[in-house]
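*Asks:* Sequence and predicted structure, then a few things I'm wondering about:
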Amino acid sequence: RGGGRTGEDWRQLWRSMTGGLLLAATAASLHSIFGPYPIQLTSYNDSSLDPTAQRIDVLTPLGSPGERFPFIVYAHGFDNRGEIDYTRLGQDLASWGFVVAFPKSCHLGCKADCKTLPFDPPCFANYYKQQLRVIEWSRFPEIRAVLPVDERLPVGVAGHSMGGQATAFSAAFNASSHQIGAAVMHHPFTHQYPPIGIPFLAFTGTRDETAPPRFSESLFDAPGACDTRALANKRGANHHEPSHTYNPALTRYTAAWFKLFLLPSQGRPGSEGAVPGADFEALVFGHGPDSLCFGGDGPMERCEVRRGLPVTTAE
């Protein structure tokens with residue numbers, strides 16, 4: 001997970017890496033009190049993913065017969081292994097009515113497509129293509145038959161650390177080709193800041209020594225970035241806020257962002273299909289004590305939400 005590693009540490013980790021479409025036999029029923037849906041975890045394999053790992057863990061909401069949901073692909077960070085390292089985040093996010101896929105490939109870098117960017121760990125330059133591959137996989141007839149994904153809706157991409165960089169690249173380079181409608185980066189580790197042209201939200205924290213706030217701020221401030229975007233630099237949050245030091249509020253605002261931009265009919269109370277008791281519009285763009293920038297996620301070093309113009313700012 002990367003904090004304070006030297007170049008030799010990266011090389012040693014890299015040297016330690018070991019080197020069809022089938023439904024896995026395992027399916028576990030889960031339940032989260034965070035959102036209104038019980039969920040199920042099912043594992044699949046896709047032989048076109050990087051050989052480091054070809055398993056995809058998918059969390060699916062258990063809705064009414066025929067009910068379908070937006071699809072989100074979550075890219076793990078360096079030395080993380082997919083859903084198992086983001087169990088609470090994944091369950092909470094899916095329980096709000098999203099089919100969430102966690103590919104496991106490239107946990108120490110991609111073996112078959114090894115390209116390295118300056119100042120990054122080895123073999124992550126094309127890691128974002130794994131995220132895109134899972135979007136393509138979700139559209140196979142065999143998968144469409146078993147996953148309750150609403151293909152009329154845009155796709156969401158999200159990720160942590162190196163997966164945050166992957167998410168930024170997917171959103172910046174392939175939003176149109178893969179019908180990506182919104183992105184959320186959790187503490188992205190990146191030295192590249194392409195302008196993201198779709199609505200995006202970047203989370204970071206003042207105690208993140210692995211991917212310091214300037215990485216997220218550079219994505220947010222990139223010339224040409226989408227007019228609708230948000231940045232949350234939480235005081236005291238460290239790099240593992242999505243995983244080992246899990247912050248449930250992180251997922252609450254992630255879910256709100258995706259509701260607003262993947263399924264806008266559920267964004268406000270009283271709208272068609274709205275979630276009872278949930279006002280996602282107010283959570284993101286509001287000024288109340290539960291809103292992102294004004295207390296809902298605790299004190300902020302910098303928090304800014306824009307929709308065309310900077311409508312909500314707290315520093």
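*Replies:* Noted; the coordinates are in hand. Numbers count the residues shown, from 1 in each chain.

*Asks:* And the closest residue to Cys303 other than its chain neighbours, how far from Thr254?
*Replies:* Once flanking residues are discounted, Cys303 sits nearest to Cys293: 3.7 Å by CB to CB, 6 or more residues apart in numbering. In short, each C-beta sits where N, CA and C put it, glycine included. Distance from Cys293 to Thr254, counting by CB to CB, to the nearest Å: 15 Å.

*Asks:* Spit out the contact partners of the spatially most central residue of the chain.
*Replies:* When CA atoms, centre = their mean is applied to the chain, the residue found nearest the centroid is Ala158 (1.7 Å). With contact taken as CB atoms under 8 Å, 6 or more residues apart in numbering, Ala158 is in contact with 72-75, 167, 183-186, 254.

*Asks:* pLDDT below threshold where in the stretch 201-315 of the chain?
*Replies:* Within the stretch 201-315 of the chain, the segments meeting pLDDT under 70 span 267-274, 309-315.

*Asks:* so Gly181 makes contact with Ile198?
*Replies:* Yes - shown here, Gly181 and Ile198 form a contact pair, counting by CB atoms under 8 Å, at 6.2 Å.

*Asks:* isn't Trp63 right up against Trp96?
*Replies:* In this structure residue 63 is Gly, not Trp. No - counting by CB under 8 Å, Gly63 stays clear of Trp96, with 11.6 Å between them.

*Asks:* Which single one of the contacts of Ala158 is nearest to Ser218?
*Replies:* Met185 (11.5 Å; CB to CB).

*Asks:* quick one: secondary structure of the closest one?
*Replies:* When classified by DSSP: H, G, I helix; E, B strand; the rest coil, Met185 comes out as strand.

*Asks:* residue contacts, it?
*Replies:* Met185 touches 158-159, 164-165, 167-168, 200-203, 216, 219, counting by CB under 8 Å, 6+ apart.

*Asks:* Give me the subset of those residues lying in strands.
*Replies:* Among the contacts of Met185, the ones falling in strands (DSSP state E) are 158-159, 200-203.

*Asks:* can you redo those residues as CSV with distance to Pro264?
*Replies:* Converted to CSV, those look like this (distance: CB to CB, whole Å):
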residue, distance to Pro264
Ala158, 18
Gly159, 23
Phe200, 16
Leu201, 15
Ala202, 21
Phe203, 22
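
*Asks:* Which among those count as buried?
*Replies:* 158-159, 200-203 (16 or more other CB atoms under 10 Å).

*Asks:* ok, of the residues you listed, which one's closest to Ser177?
*Replies:* Using CB to CB, these come closest to Ser177 at Phe200, 17.2 Å.

*Asks:* what bridges to that closest one?
*Replies:* Ala183, Arg229 (DSSP bridges).

*Asks:* before we move on, back to that, list just the nearest of the contacts of Ala158 to Glu142.
*Replies:* Among the contacts of Ala158, and counting by CB to CB, the member closest to Glu142 is Val73, at 17.7 Å.

*Asks:* How many residues are close by the closest one?
*Replies:* Val73 has 30 neighbours, counted by other CB atoms under 10 Å.

*Asks:* Please verify my assumption that it contacts Ile135.
*Replies:* Yes - between Val73 and Ile135 there is a contact under CB under 8 Å: 6.0 Å.

*Asks:* Between these two, which contacts overlap?
*Replies:* 155, 157.

*Asks:* For the nearest residue to Tyr246 once chain neighbours are set aside, give me the backbone phi and psi.
*Replies:* Excluding the flanking residues, the one nearest Tyr246 by CB to CB, 6+ apart is Arg88, at 5.0 Å. When read as degrees, to the nearest 10, the backbone of Arg88 gives phi -70, psi -40.

*Asks:* which stretch of helix or strand covers Arg152?
*Replies:* Per DSSP states H and E, Arg152 falls between elements, in no helix or strand.

*Asks:* and it, what pLDDT?
*Replies:* Note for Arg152: predicted pLDDT of 95.

*Asks:* Next one: the residue nearest to the residue nearest to the centre of the chain when sequence neighbours are not counted from Pro242, what distance?
*Replies:* Of all residues not flanking Ala158 in the chain, Val184 sits nearest, at 4.3 Å (CB to CB, 6+ apart). Val184 is 10 Å from Pro242, where distance means CB to CB.

*Asks:* Also Asp279?
*Replies:* In terms of CB to CB, Asp279 sits 24 Å off from Pro242.

*Asks:* before we move on, what about Val100?
*Replies:* Applying CB to CB, the value for Val100 to Pro242 is 13 Å.

*Asks:* give me every residue that touches Gly205.
*Replies:* With CB under 8 Å, 6+ apart, Gly205 has these contacts: 187, 213, 233-239, 241.

*Asks:* Dihedrals phi and psi, it?
*Replies:* Per degrees, to the nearest 10, the backbone of Gly205 is at phi -160, psi 150.

*Asks:* Can you say which helix or strand has the nearest residue to Ser95 once chain neighbours are set aside in it?
*Replies:* Residue nearest to Ser95 in three dimensions, not counting chain neighbours: Gly35, with 3.3 Å by CB to CB, 6+ apart. Using DSSP H and E, Gly35 sits in no helix or strand.
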